[in-house]
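*Asks:* Attaching a predicted model along with its sequence, questions to come.
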Amino acid sequence: GPLSEDIKEIVDTMLKDFEEAMDDDLNISPAIGAVFEGIKKIQRIQRITPVSDPSAKLIEKGLHSADSVLGVIFTPGEKEAQVDKAYILQKIAERNAARANKDWTLADKIRDELDAMGVELLDRKDGTGYKIKS
């Protein structure tokens with residue numbers, strides 16, 4: 001299904017409140033509280049209606065954003081273990097074909113999809129590589 005506006009609003013608010021707390025002399029308690037409050041709100045929605053794939057990716061991206069500061073939600077290496085390398089290589093090949101055909105819209109869409117998964121594409125002279133964002 002499509003991206004849920006309710007989920008988007010919750011994630012945006014969670015990250016805004018998190019950032020404001022961290023900007024207030026690294027006030028960690030309300031920062032973590034903002035993350036937990038966002039999770040509780042998302043769980044309430046999820047009990048009523050399934051969360052769509054785009055919404056789930058947005059939630060994961062938001063949690064990884066907060067965790068890039070905290071380092072307490074995801075364990076080291078967990079992100080890498082969740083990534084399907086064959087899928088990434090397939091998407092890179094599709095993107096390279098789209099770029100060769102000057103289909104910039106599709107190429108950008110593939111880059112955005114991989115970015116949402118936490119995969120950063122690295123375009124180099126010798127080809128496209130990638131790295132998992134931490």
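*Replies:* Yep, that arrived. Numbers count the residues shown, from 1 in each chain.
*Asks:* Give me the below-cutoff pLDDT ranges for this structure.
*Replies:* For the chain, residues meeting the criterion pLDDT under 70 lie at 75-83, 134.
*Asks:* quick one: the helices in it?
*Replies:* With DSSP state H applied, the chain shows helices at 5-23, 28-48, 53-70, 78-82, 85-100, 104-116, listed in chain order.
*Asks:* and G127, which of those is closest to it?
*Replies:* helix 85-100 (7.9 Å; CB to CB). Yep, even glycine has a C-beta here, placed from its N, CA and C like the rest.
*Asks:* by contact count, what packs against that closest one?
*Replies:* Other helices and strands packing on helix 85-100, by 3 or more CB pairs under 8 Å, 6 or more residues apart in numbering; DSSP states H and E, are helix 104-116, strand 119-124, strand 127-132.
*Asks:* Using CSV, list the CA coordinates for the longest one.
*Replies:* As requested, C-alpha coordinates have been extracted for helix 104-116 and formatted as CSV (Å, rounded to 0.1, in the frame of the first residue of the first chain):
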residue,chain,number,x,y,z
TRP,A,104,17.0,8.9,-15.2
THR,A,105,13.6,8.6,-13.5
LEU,A,106,14.0,4.9,-13.1
ALA,A,107,17.7,5.2,-12.1
ASP,A,108,16.8,7.7,-9.4
LYS,A,109,13.9,5.6,-8.2
ILE,A,110,16.2,2.6,-7.7
ARG,A,111,18.8,4.8,-5.9
ASP,A,112,16.1,6.1,-3.6
GLU,A,113,14.8,2.5,-2.9
LEU,A,114,18.3,1.4,-2.0
ASP,A,115,18.9,4.5,0.1
ALA,A,116,15.7,3.8,2.1
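*Asks:* Nice, that's everything, thank you.
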